[in-house]
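*Asks:* need coordinates for the following:
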Amino acid sequence: MQRTHRFLGLCLGSAIFGLAACGSGATFEATRDLPNYQWAKDSLAVFSFEVPAVEQSYELGYHLRNTASYPKDRIHVKFVLTDSAGKVVATGMKATFLFDATTGEPLGRGLGDLFEHEVPLLTKYRFPHRGRYSLGLQQYTREEILIGVASVGITLRKSVPSE
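*Replies:* Residues are numbered from 1 along each chain as shown. Next up is the predicted model:
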């Protein structure tokens, strides 16, 4: 019964967050639900997308949804961006607070037990050439299996020109 409620909550949360993303102006957006709200340390979430124009700069980021029962105050995520030939063009790691360090209150946009976070990875980034790219995301905490992460995804947007 609890599993059914959790599944329905995830579906409702996905639908609402999906509707919110419709007006985001994203060039590419994709999300993967994680089975049983668990992200194994050796599990790489890979997203492939097409870059049509190199004269345009882009904002590339990841987003995740966590439950209120996520056991830590932050998450560390490593990323690797590769081109269609498998050449690494960018890499890094981001630490993101999911809960307020003082109060313990969840951060991000929330609906019920789920909270969504958008984390920039590359800003005003110019891809070296047109074509297909892949972005791999890996949780990099001290846990072999990180519980309480419902989904992970990426967003690619055209940069807004500076004024």
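*Asks:* dig out what the nearest residue to Ile154 once chain neighbours are set aside forms beta bridges with.
*Replies:* For Ile154, the nearest residue in space outside its immediate sequence neighbours is Phe47; the separation is 4.7 Å by Cβ to Cβ, 6 or more residues apart in numbering. C-beta: built from backbone N, CA, C; applies to glycine. Assessed by DSSP bridges, Phe47 has beta-bridge partners Leu135.
*Asks:* does Phe47 touch Gly153 like I think?
*Replies:* Yes. With contact defined as Cβ atoms under 8 Å, Phe47 counts as touching Gly153 (7.2 Å).
*Asks:* intersection of neighbour lists for the two?
*Replies:* Applying Cβ atoms under 8 Å, 6 or more residues apart in numbering, one finds that Phe47 and Gly153 are jointly contacted by 30, 32.
*Asks:* and Val51, what are its phi and psi?
*Replies:* Dihedral pair for Val51: phi -110, psi 110, per degrees, to the nearest 10.
*Asks:* check contacts around it.
*Replies:* Val51 is in contact with 58, 127, 129-133, 156, counting by Cβ under 8 Å, 6+ apart.
*Asks:* one more: Gln38?
*Replies:* Gln38 is in contact with 145-147, 149, counting by Cβ under 8 Å, 6+ apart.
*Asks:* for it, name its beta-bridge partners.
*Replies:* Per DSSP bridges, the residues bridged to Gln38 are Ile147.
*Asks:* what separates it from Tyr70, distance-wise?
*Replies:* Counting by Cβ to Cβ, to the nearest Å, the gap from Gln38 to Tyr70 is 11 Å.
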